[in-house]
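# when you get a sec, could you give me coordinates for this:
(3 chains)
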Amino acid sequence: MNEHPIKVVVAKPGLDGHDRGAKVVARALVEAGMEVVYLGLRQTPESIVAAAVEEDADAIGLSVLSGAHMPHFTKVKALMDTEGIGDRLLTGGGIIPTKDQETLSALGVGRLFGPGDDPSTIAEYIKERVYARRAAERN
Amino acid sequence: MAMKPPVTIPHLSQVTDCTTLSGRPVLSVYGPDDVFADDLGDSLGRPGHYPYTRGVHESMYRGKLWTMRQFAGMGTAAQTNARFRFLLNRGQTGLSTAFDNPTLYGWDSDDPISAGEVGKTGVAMDSLADMERLFDGIPLDRVSTSMTINAPAAWIFTMFLANAEKRGIPLAQLRGTLQNDILKEYIAQKEWIFPPEPHIRLITDLFAFCAEHVPQWNTISISGYHIREAGATAAQELAFTLMDGFTYVEHAVAAGMSVDDFAPRLSFFFNAHIDFFEEIAKLRAARRIWARHMKERYGAKNPRSWLCRFHVQTAGCSLTAQQPEVNIVRTAIEALAGVLGGCQSLHTNSMDEALALPSDKAVEIALRTQQVIAFESGVASVADPLGGSYYVERLTRELEEEAESYFAKIRDLGGMVPAIERGFPQQELTRSAYEYQRALSERRKMQVGVTEFTNENEILEIPILEIDESVETNQISALRVLRESRDNVAVQDSLDELERTARTKENLVPKLLSCSRVYCTEGEITRRLIRVFGEYREQAFF
Amino acid sequence: MAESMRSSRGPSLTPQLWERFLGGERRACAQVITKVENDPDAVPEIRDRLSGRLGRAIRIGITGPPGVGKSTLTSALARGLADGGNRVGIVAVDPSSPFTGGAFMGDRIRMDALVGDDRVFMRSLASRAGQGGLAPSTAGVADVLEAFGMDRILIETVGVGQAELDVMACADIVVLVLQPSTGDAIQSLKSGIIEAADVVVVNKADLPGVEMLLQSLRFAFSLGAGRPGTNATPILATSAQASEGIGELVAELESQASDLVDSGRHREMRRARLENEIRRAIQTHLWASLERAVGASAKIRRHAEELTLSGGSPYPFIRRACAATQVCQTKEEAWQ
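A predicted model of the protein is given here:
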């Protein structure tokens, strides 16, 4: 199957200016052949999900280093469900303790990455999850 | 604990590319042919003498040890006050305040945009009432206090001043540092409110106010730390930071101040990353460049204006979430580089910072690391012990040259503000961050426990500090009570007066102080000033 | 319809999706756009479904060199047009990497003033195989947005290569954006792309050098540099970041739009575009038949290899191939 490019919305929700990670990952995803819609800093859950709807994005990637990952990921996930894009992948990264990752995972949030994870691992993970969803849709 | 089978590594060159962390090629040994006579002559000088390559004091740490200043702040002002007391009781000699994100962006805790962030990565600060709680029982006339805040620095500082006034402490006795460096926000940290020009005006207003009323206060801490954390190389950190410094000098002079009136109170803040010698060379080069430019380009006559005095913090971005105890070792190496580089104060990171906010235990170990360097290792007894090393002197010169070539590029773009508006430093950083990531991915650089020597079955056993969600609700209800109990007529009057003054060229600091005294909140002040100055929008550069 | 014109990739569009699309659900619109973008074989079916819903919207191309502030201007323009009672679609095209196929799309950063504005629908497109400043699917995506109820569709190009020619082919009005103090303006005068413009905008008019640029543009147009056969091309100064000059630009575009409609030129452009679309689709189909029947591409490649060595003329082969290929019209009524 010849897959068309994966579209990912990358955003930094809330008040957190540390965008080194988001930029490095965005660039790595582009190098991995993805189409990355970069929303940048100070995004609200509403603006992120609205963009993902219009772009029909396969995945949303959030970068949160402010410690406010719980409210941000939870709100974005809830909004994705109400806006009808709950089948799309929500992933991301930051300084996120394992316990919080487990809580978010139970809500349907995908894997969350941290310092030391290679961006290519993130790209591989997104590919795997998106291709699986597309394959399920075809059947 | 199951370990991966041991890796046999016969040659260093097989696992790293033997360049510095910043990708600078280095020889396998340095000798007399690798330095110029001048590197060991006039450019080197003596400690405490121009061009200060070897340090700002003649006897360095024998005369005055660096200040051990651990950055702290979380939750409410009362919680941070308890952490401050904990640190002072354990032998820390200065305080350093971390504010939460809403405070750093100028918003109140009850602003909708602050939801979920109150007290998360620093202390929540809304008004003078929080400032009173934060420093309750702490002798502000004896302990020097540093505040890491930038965009709203002027009105957080006037809250601090108003608190001192209320406690009867003369402003002239206050010692400490306000970060107050907006240019690196546009370059790296992205915490701004207004466009650059009004922010720079507030900074020069503060220079003028402090020169008259708070003469012992360091009015700015021109920071390379965040630039480095955002991905810069050592040379980029050095060049952009010093160029920011020159820009503030030029603006203050353009505003009518004489360089020697404010320059002695300028201070700096650098990163100490893991490449030991490159970092030492960077810090030595910073002093030399600053002294040369202040004396020769800006015509400063007072030798204190020539001094590049700086705080150093070990590199947060060098820490790993994997095998976090190893971070203690990284931090020790970096702290040693800061000391051998001649810092005036030092923050050592805690081992758990790649995982969460530091716990008490981790903070204590970090402080102990400094104490071991200061009191056991013997390095503090001799000024600039690496002076004259072929390798260090050569690196110092190379870094100076690279910084000078960046200065020329930035001046070609019209100076730092136009360069920022065109995204030049931002793009340089993004490129370097990506290059470093590639070097890691391609195994040209190594991170122990991450790219090699990993432990797949690692179970984290370090305690993690969590901020209770009730911090936000408590902070918000305290703020509600304040809004009802204060003199709201005085609040509106002082805000009106502030807005009127902002439209003139008059110094804004006295008006901000009046607002702070009557418990105007941070967000109320921010919104009034936005009416006059407008908001800055992100320009994302790749 | 022939085999080759049926969708082979992914599920075809469900009736429910169409219902949601017609009901104005934004997500449905986004999904139809994805289909157009990713699955050329689905285009005929989608085109059928859109019939009766096209022909009214005005498409405005926004082109100019990179860095002149096209996204910020597009955002301000979308707001201005929406305030005038229009629903506005935006298609922002960004370049795909020829090496990895990936694309970095940052236009939304500069369009954050439109967040939450449901009069506007914004979509980023990667240029993919598009050689010029547009994605191959741009016109198809604009069709979907029009059928979704958009009155004005802003098409923002990459701003390099043959962007202007591409955008002329799918826009009713072309806005060329320039900025002072760069050599780009001079370049566009030299290369003649200025002929493509219906409106020239000098953006970032707060920068130094704006008067000089305006003067040299006026001089160039006085020598007849504008689009042949039209009135003097208007030149407007804006500062999109400060929302200056946007009202004037909106007024100019709206006046050109009503002129286009009133004069019948809009219908004429649509006709020409449809003609082109039909011709291209038939060419593509015929070529595909030929390919299937005789493996034309492989044969041509082989022949070209021989000719490179022998130095011979390609025409004997061309004549033989054309003589051997006959298109016979079986039913005249099919072409009615």
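# how about the residues of chain A near chain C?
In this structure, chain A approaches chain C at residues A:2, A:4-5, A:26-27, A:29-40, A:44, A:46-47, A:50-51, A:53-56, A:83-85, A:134, A:137-138, judged by CB under 8 Å from any CB of the partner chain. For the C-beta atoms, the positions are set from N, CA and C on the backbone; glycine is no exception.
# again, 7 Å this time
Within chain A, the residues that sit near chain C (CB under 7 Å from any CB of the partner chain) are A:4-5, A:26, A:29-40, A:46-47, A:50-51, A:53-56, A:83-85, A:137-138.
# among the residues you listed, which are in helices?
Counting by DSSP state H, the part of the residues of chain A next to chain C found in helices is A:26, A:29-31, A:46-47, A:50-51, A:53-55, A:137-138.
# turn those residues into CSV, including pLDDT.
CSV is the format used below for those (pLDDT from 0 to 100):
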residue, pLDDT
A:26, 96
A:29, 97
A:30, 96
A:31, 94
A:46, 94
A:47, 94
A:50, 97
A:51, 97
A:53, 97
A:54, 97
A:55, 98
A:137, 88
A:138, 84
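# quick one, helices of the stretch 351-500 of chain B?
All helices of the stretch 351-500 of chain B, identified by DSSP state H, counting those that start in this stretch, fall at B:360-375, B:390-412, B:416-421, B:424-441, B:470-485, B:488-502.
# same thing with the stretch 101-250 of chain B?
Under DSSP H, counting those that start in this stretch, the stretch 101-250 of chain B gives helices at B:101-105, B:128-134, B:153-166, B:183-184, B:196-213, B:225-229, B:234-254.
# nearest to residue A:79, of the helices of the stretch 351-500 of chain B?
helix B:470-485 (20.6 Å; CB to CB).
# identify whichever of the helices of the stretch 101-250 of chain B lies nearest to chain C.
Chain C lies closest to helix B:196-213 among these, at 12.7 Å (CB to the nearest CB).
# burial measure for the residue in the stretch 51-200 of chain B that chain C sits nearest to, as a count.
Closest to chain C within the stretch 51-200 of chain B is residue B:195: 9.9 Å, counting by CB to the nearest CB. Residues lying near residue B:195 (other CB atoms under 10 Å in any protein chain shown) number 17.
# how about the one 4 residues further on?
The burial count assigned to residue B:199 is 24, neighbours taken as other CB under 10 Å.
# and what of the one 3 residues further on?
The criterion is other CB under 10 Å. On that basis, residue B:202 has 25 neighbouring residues.
# check residue A:99 too.
The burial count for residue A:99: 10, using other CB under 10 Å.
# the bottom helix or strand of chain B by mean pLDDT?
strand B:71-72 (a mean of 83; mean pLDDT, DSSP states H and E).
# one more: chain C?
helix C:184-191 (a mean of 63).
# so what touches the biggest strand by length in chain A?
Ranked by number of residues, the top strand in chain A under DSSP state E is strand A:35-43. For strand A:35-43, the external contacting residues (CB atoms under 7 Å, 6 or more residues apart in numbering or on different chains) are A:5, A:7-13, A:15, A:17, A:19, A:26, A:29-30, A:48, A:51, A:55, A:57, B:190, B:538, B:540, C:102-106, C:108-109, C:124, C:126.
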